[in-house]
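coordinates for the following, if possible.
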Amino acid sequence: MMRVIYNNFVFVTLIGISSFQFGYANDVTCTLNPIYNLNENGTEVTATVLNTDSGDDDGYYALNFAEGNLENCGELKAWCIDLERRIGFKDYEVDIFSSLQPDLFTTQYPDAVDKPQFIPAINWLINNYTSGTEVTVPDCVTNHSVTDREFQLAVWTLIDDETDPASFFPGEAEECVIAFLVQEAIDSGPFVPDCTNLEQKIGLIIVVDDADLNVLNQVLITEVDIAKTDICECNGNPIVEGDPHFKTWAGENYDFHGVCDLVWLKNPKFRNGLGMDIHMRTARMGMWSYVSNAAIRIGEDIFEIVGGEVEKNFWINGVAKETAEISNTELQMELASTISGFPIYFKETSSKQREFVIDLGESELIVFKTWKSFVSVQVQKAKHNDFKNSVGLVGSFPQGTKLARDNISVVGEADAFGQEWQVLASEKNLFHNIVGPQHPEHCEIPSHVEMRRRLLDSIVTIERAEKACTNVDKDAMDLCVFDVMATNDELTAGAY
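Okay, the predicted model is just below:
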């Protein structure tokens, strides 16, 4: 028996009888980066402190950020970690520190809190017994929902030298619950986030200070989903290529064969609101599909490329341009045009292959390539400040979560996710013409049963496909083999 895995398909050959099944390989690898400051460029950001009226599980305070990397996160639960100072319900200019490295915080503010060594223990509580969690303490309470005040008192007990923090809420908390939370946090040791679990949270330390680094108000710690920070650095430059294959920001591979116009990347906050959208158009090829066009909007300008050996093969704001007018000596990249001030470079590797590169500066690139009729798009060396709010078929930045358009729901099934990001009738058309299904008409999605049958009927064998893809990068080998077999064309390997 031979088992060969090619990305979204598993081939099984047994005594001459072949079959295959759908699935996909998840290549997400993320590493923890505990040393970072969420302030934009190290500057203070505006945070609004809100009174939650001591609800059951709303947090002792709530924070809302009007700018910076936590903008648009909504109201975040917040807790006091300093009983000696007070804070009001208003806007403050704050510094933000990771709670995973309390030494960095205490070096700058040595007297801000009494027992900073227990800040990691608060992280453990936030992820295991935050307010609203049910606990059972033998001989005391059963299925008891931890209140805001009980959680706050546990935090104070851990972090502050106050001898009787419970005196702040006399008779309003179960002392056995507070003692249970404190002991559980101490016994469990430091909390280390798991970057593959995007439901986990970390505490961020919020400080209001003056120019001399004197702490002016109560120090707070707020709960934030790790998915909304860059605490986890995930691998992979997102790309769409081949028939088509998608890779998210986090390196997760999936296929969507729907024929329509699609939002590959939506990034409204790019360069302080200049904005960026990247759309792709897919066309049918037998039972499969491929990216035939790709277009990017930056600000008010639009750049578009089309696959195929055509005379006019790129458009600027709907006006066709000829790459034949661009001299290419020794295959060097040459300036072809600009988009909102960013240069677009071009080179023609062969009569079948062209490459356009938009240079965003500081090594950030958006690369468009064509191989015969196939178009691919890739973002390289994306920076957090430029892409922090991006969504679409690339997933959310940087974790690659496949978010729906509501920016909340997660869509796991590939066809449903692809359909979710069809270009809507209410969105600006970035292409110079109208072709194929257009919203509100849904994408045309080929039958998976027929796709299986067609692949099994491929004239090109696995061995021939592997040979054709010999010079392809290891990471793309499976995709290349699949596409060669799907298209029955060994030259398709050139797309990789």
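
all helices for the stretch 251-400 of the chain, in order.
Secondary structure of the stretch 251-400 of the chain (DSSP state H, counting those that start in this stretch): helices at 270-273, 384-387.

which strands and helices sit next to the first one?
Contact partners of helix 270-273 among helices and strands, from 3 or more Cβ pairs under 8 Å, 6 or more residues apart in numbering; DSSP states H and E: helix 384-387. C-beta here means a position set from N, CA and C on the backbone, and glycine is covered the same way.

same question for the helix it packs on, mean pLDDT?
Mean per-residue pLDDT for helix 384-387: 79.

same for that helix, what does it pack against?
Judged by 3+ Cβ pairs under 8 Å, 6+ apart, helix 384-387 is in contact with helix 270-273.

buried residues in the helix it packs on?
270-271 (16 or more other Cβ atoms under 10 Å).

which residues in the stretch 101-250 of the chain form helices?
Counting by DSSP H, counting those that start in this stretch, the stretch 101-250 of the chain has helices at residues 102-108, 119-128, 148-159, 175-188.

residue 202 is nearest to which of these?
Among those, the nearest to residue 202 by Cβ to Cβ is helix 119-128 (6.0 Å).

distance between that closest one and the chain's centre?
With Cα atoms, centre = their mean, to the nearest Å as the basis, helix 119-128 stands 24 Å off its chain's centre.

what's it packed up against?
Counting by 3+ Cβ pairs under 8 Å, 6+ apart, helix 119-128 packs on helix 102-108, helix 148-159, helix 175-188, strand 201-207, strand 220-225.

one more time with 7 Å, if that's ok
Secondary-structure packing of helix 119-128 (3 or more Cβ pairs under 7 Å, 6 or more residues apart in numbering; DSSP states H and E): helix 148-159, helix 175-188, strand 201-207.

output the ones you listed in a markdown table, with mean pLDDT, mean neighbour count and distance to residue 386 appended to each entry.
Listed next are the helices and strands packed on helix 119-128 as a markdown table, based on pLDDT from 0 to 100; neighbours: other Cβ atoms under 10 Å; distance: least, Cβ to Cβ, whole Å:
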| stretch | mean pLDDT | mean neighbour count | distance to residue 386 |
| --- | --- | --- | --- |
| helix 148-159 | 92 | 24 | 36 |
| helix 175-188 | 93 | 17 | 38 |
| strand 201-207 | 90 | 24 | 22 |
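
straight-line length of stretch 442-462, end to end?
Stretch 442-462 has an end-to-end distance of 34 Å (criterion: Cα to Cα, to the nearest Å).

give me the mean pLDDT for stretch 306-317.
Mean pLDDT, computed over stretch 306-317, is 82.

to clarify, my last question referred to stretch 256-270.
Per-region confidence: stretch 256-270 scores 94 on mean pLDDT.

list the buried ones in that stretch?
For stretch 256-270, a neighbour-count test (16+ other Cβ under 10 Å) marks 256-267, 269-270 as buried.

number of residues surrounding residue 246?
Residues lying near residue 246 (other Cβ atoms under 10 Å) number 25.

and if you look at residue 46?
By other Cβ under 10 Å, the residues close to residue 46 number 14.

is it true that it touches residue 67?
Yes. Using Cβ atoms under 7 Å, residue 46 is in contact with residue 67, at 5.5 Å.

hmm, back to that, need the helices and strands packed on helix 119-128 in a markdown table (columns: distance to residue 245).
As requested, those are arranged in a markdown table below (distance: least, Cβ to Cβ, whole Å):
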| stretch | distance to residue 245 |
| --- | --- |
| helix 148-159 | 46 |
| helix 175-188 | 42 |
| strand 201-207 | 33 |
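
please tell me how far the residue nearest to residue 340 when sequence neighbours are not counted sits from residue 380.
Computed as Cβ to Cβ, 6 or more residues apart in numbering, the closest residue to residue 340 that is not its neighbour in sequence is residue 299, at 3.8 Å. Distance from residue 299 to residue 380, counting by Cβ to Cβ, to the nearest Å: 21 Å.

and this protein, what are its domains?
Using automatic domain parsing, the domains assigned to the chain come out as 34-228, 238-448.

columns distance to residue 470 on top of those domains, output as CSV?
What follows is those, written out as CSV (distance: least, Cβ to Cβ, whole Å):
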stretch, distance to residue 470
domain 34-228, 33
domain 238-448, 17
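
need the contact list for residue 210.
Residue 210 is in contact with residue 216, counting by Cβ atoms under 7 Å, 6 or more residues apart in numbering.

ok, it to residue 217 distance?
11 Å.

same question, residue 129
For residue 129, the distance to residue 217 equals 27 Å [Cβ to Cβ].

neighbour count: those two, which is higher?
residue 129 (20 against 17).

pretty sure the more buried one sits against residue 146.
Yes. Contact criterion Cβ under 7 Å: residue 129 and residue 146 qualify, at 6.0 Å.

how close does residue 319 sit to residue 432?
Distance check for residue 319 against residue 432: by Cβ to Cβ, it reads 8 Å.

out of these two, which sits in the busier spot?
Comparing residue 319 with residue 432 by other Cβ under 10 Å, the one with more neighbours is residue 432, at 16 against 9.

ok, the more buried one - contacts?
Counting by Cβ under 7 Å, 6+ apart, residue 432 touches 304, 315, 318.

between those, identify the one with the most neighbours.
Going by other Cβ under 10 Å, residue 304 tops the contacts of residue 432 with 24 neighbours.

beta-bridge partners for it, please?
Here residue 304 sits in beta bridges with residue 295, residue 315, going by DSSP bridges.

buried residues in stretch 338-346, which are they?
Burial within stretch 338-346, assessed by neighbour count using 16+ other Cβ under 10 Å, is assigned to 339-340, 342, 344-346.

what of stretch 71-84?
Neighbour-count burial for stretch 71-84, with 16+ other Cβ under 10 Å as criterion, is recorded at 73, 75-83.

most remote residue from this protein's center?
Centroid-distance maximum for the chain: residue 139 at 45.5 Å, with Cα atoms, centre = their mean.

low-confidence bits of the stretch 51-200 of the chain, can you list those?
Along the stretch 51-200 of the chain, the parts satisfying pLDDT under 70 run over 53-58, 69, 72, 196, 198.

and if we set it to 90?
51-62, 64-77, 82-84, 95-109, 111, 116-117, 119-120, 130-132, 162-173, 188-200 (pLDDT under 90).

residues touching residue 180, list them.
Residues near residue 180 by Cβ under 7 Å, 6+ apart: 135, 137.

repeat that for residue 232.
Residue 232 is in contact with 30, 32, 195, 226, 399, counting by Cβ under 7 Å, 6+ apart.

hang on, the earlier thing: quick check: neighbours shared by residue 129 and residue 146?
Between them, residue 129 and residue 146 share these contacting residues under Cβ under 7 Å, 6+ apart: residue 135.

correct me if wrong: residue 173 contacts residue 152.
No. Using Cβ under 7 Å as the test, residue 173 is too far from residue 152 to be in contact (8.7 Å).

any idea how far residue 319 lies from residue 429?
15 Å.
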